[in-house]
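S.K.: dropping a prediction and its sequence here:
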Amino acid sequence: MDYKKISLLSLGHLSCDLNSHALAPLLPFLAAAHNFDYQTCGFLAFAYSVVASLVQPGLGLLADRMSKGWFIPLGILMAGIGIGATGFLSSEYTMFAFLVFGGIGAAMFHPEAARYANIVSGDHKGVGLSIFSVGGNGGMLMGPVIVILAVGGLPGMPGFGLHGTAAFIILAAVMASLLFWRIRSWDMAAAGPASNGTNTSASNDWRAFSILSGCLLSRTGLTVAFTTYLPLYWQGVFHQTAVTGNLMLVLFSLFGVISNLSGGAAADRWGFRRVIRWASVLTLPMLAAFPFITNPWIAGALLAPLAVGLFAPFSSLVVLGQRYLARNMGFASGITLGVAVSVGGVFAPVLGWAADAWGGLSPAMHLLTPLAFIGAVCAFFLKKPQNAD
């Protein structure tokens, strides 16, 4: 494993995903400034992912046929602009348009970056993909932190209000420049057919991949919905401040980073399917119990096991997807890292509609339990891939 390259790709993943994970902590500020309801907040969360679900499979197929390393820095730059512009806009429809633009950037980044990550991971796919994916979890951690510091501010450290979202454009421009400069030297090595991560001697197992997709859609639907409304949940149900809600999201994200790394190491030792199944079994009762909790401290304690259940299987799902579709690894990466997140994001406005219609987020959270059940059932039907070690 080339740790320098996988670490740089992970840092790029962080730089891309901190934009998408900044949207949830931004929503309370946008809602307060523009009088948005829950459904509108869900509509904006959906905007970032809807276009990615349409274009990412095509970008993944392109990555299977030729190297497009410049997709990686360009995707980061577009994602930063998409989020950074929201603080300077007043119309929800204009925000929607810029968030769609950012979603396209995220769609450009993920398939090619995951293909590169697979190549440089060598024989340690579980750990390598965990290091890569933990960058995305780090983005989940850093996105809210940047919002708190640049937009909301802390006692004695006032933020810049919604115009503080300019920080995301600046950070994206810096990281995109660094990656563009460094990654050009990788293209020659990564572009050839012998090293592009595609196994031309293996066949694609579409049936197994379809079952895996059930696990993916369940996990991403749960993760996107839960993280989108977590700060709003602490405000609306527990009557805490926006800063407290965002701090809970940071805590949940920190647990997610730890769980992702631990899950990758566990997968290399005990198997990818076993990690996915145990995580699904853990998630179901935790999500079923969460809406009944009325104490914010008890709810906060549940964030740790919930993070394990939702984040530990991430690298296992990506690697299994690449093995089930061994002839089209870029396409598989586009689905597992992009389309699944995008389609899972459809659940965010559904949960928002339910919260508006049923009188709050607490009763709406009951919708997460059947989704978790579907994921658990699919996990136990996963088969061993043909090219398993």
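M.R.: In hand now; what should we look at? Residues are numbered from 1 along each chain as shown.

S.K.: only C-alpha atoms from now on, for both contacts and neighbour counts.
M.R.: Fine.

S.K.: Gly84: what's its closest spatial neighbour, skipping adjacent residues?
M.R.: In space, and not counting its chain neighbours, Gly84 is closest to Thr165: 4.6 Å by Cα to Cα, 6 or more residues apart in numbering.

S.K.: I'd say that neighbour and Ile83 touch.
M.R.: Yes: under the criterion of Cα atoms under 8 Å, Thr165 is in contact with Ile83, at a separation of 7.2 Å.

S.K.: ok, those two, which is more surrounded?
M.R.: Ile83 (29 against 25; other Cα atoms under 10 Å).

S.K.: my guess is that one contacts Gly102. True?
M.R.: Yes: taking Cα under 8 Å as the definition, Ile83 is a contact partner of Gly102 at 6.6 Å.

S.K.: and Asn204, what does it touch?
M.R.: The neighbourhood of Asn204, defined by Cα atoms under 8 Å, 6 or more residues apart in numbering, consists of Tyr324, Leu325, Ala326, Arg327, Asn328.

S.K.: excluding sequence neighbours, find me the nearest residue to it.
M.R.: Leu325 (4.4 Å).

S.K.: what about the one you found, distance to Leu217?
M.R.: Distance, Leu325 to Leu217, using Cα to Cα, to the nearest Å: 17 Å.

S.K.: sorry, back to before: closest to Met175 out of the contacts of Asn204?
M.R.: Asn328 (28.6 Å; Cα to Cα).

S.K.: ramachandran angles for the closest one?
M.R.: According to degrees, to the nearest 10, the main-chain angles of Asn328 amount to phi -140, psi 70.

S.K.: circling back: can you list the contacts of Asn204 in a markdown table and add neighbour count and pLDDT?
M.R.: As requested, the contacts of Asn204 are exported to a markdown table (neighbours: other Cα atoms under 10 Å; pLDDT from 0 to 100):
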| residue | neighbour count | pLDDT |
| --- | --- | --- |
| Tyr324 | 27 | 88 |
| Leu325 | 24 | 83 |
| Ala326 | 24 | 79 |
| Arg327 | 20 | 78 |
| Asn328 | 25 | 76 |
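
S.K.: burial count for Asp2?
M.R.: The number of residues packed near Asp2 is 12, by other Cα under 10 Å.

S.K.: any weak-confidence spans in the stretch 101-250 of the chain?
M.R.: Within the stretch 101-250 of the chain, the segments meeting pLDDT under 70 span 123, 125-126, 186-202.

S.K.: tell me where it has strands.
M.R.: For the stretch 101-250 of the chain, applying DSSP state E, counting those that start in this stretch gives strands covering 153-154, 157-158.

S.K.: how about the ones you listed, which one is nearest Asn246?
M.R.: Proximity to Asn246 (Cα to Cα) singles out strand 153-154 among these, at 11.6 Å.

S.K.: packing partners of that closest one?
M.R.: If you count contacts as 3 or more Cα pairs under 8 Å, 6 or more residues apart in numbering; DSSP states H and E, strand 153-154 packs onto no helix or strand.

S.K.: each with direction, which strands does that strand pair with?
M.R.: In the sheet, strand 153-154 lines up against strand 157-158 (antiparallel) (DSSP bridges).

S.K.: and the strand it pairs with, how far out from the chain middle?
M.R.: Strand 157-158 sits 29 Å away from the centroid of its parent chain (Cα atoms, centre = their mean, to the nearest Å).

S.K.: circling back to that earlier point, can you tell me which of the strands of the stretch 101-250 of the chain is packed in deepest?
M.R.: strand 153-154 (a mean of 15; mean count of other Cα atoms under 10 Å).

S.K.: what's it in contact with?
M.R.: Ile148, Gly159, Phe160.

S.K.: below-threshold pLDDT in the stretch 251-389 of the chain: ranges please.
M.R.: Filtered on pLDDT under 70, the stretch 251-389 of the chain yields the residue ranges 330, 333-334, 337-345, 387-389.

S.K.: picking up where we left off before, let's have the contacts of strand 153-154 in a markdown table, adding neighbour count and distance to Leu23.
M.R.: A markdown table is the format used below for the contacts of strand 153-154 (neighbours: other Cα atoms under 10 Å; distance: Cα to Cα, whole Å):
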| residue | neighbour count | distance to Leu23 |
| --- | --- | --- |
| Ile148 | 25 | 12 |
| Gly159 | 18 | 17 |
| Phe160 | 15 | 17 |
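
S.K.: now distance to Arg273 too, for these, in CSV please.
M.R.: Below are the contacts of strand 153-154 laid out as CSV (distance: Cα to Cα, whole Å):
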residue, distance to Arg273
Ile148, 37
Gly159, 45
Phe160, 46
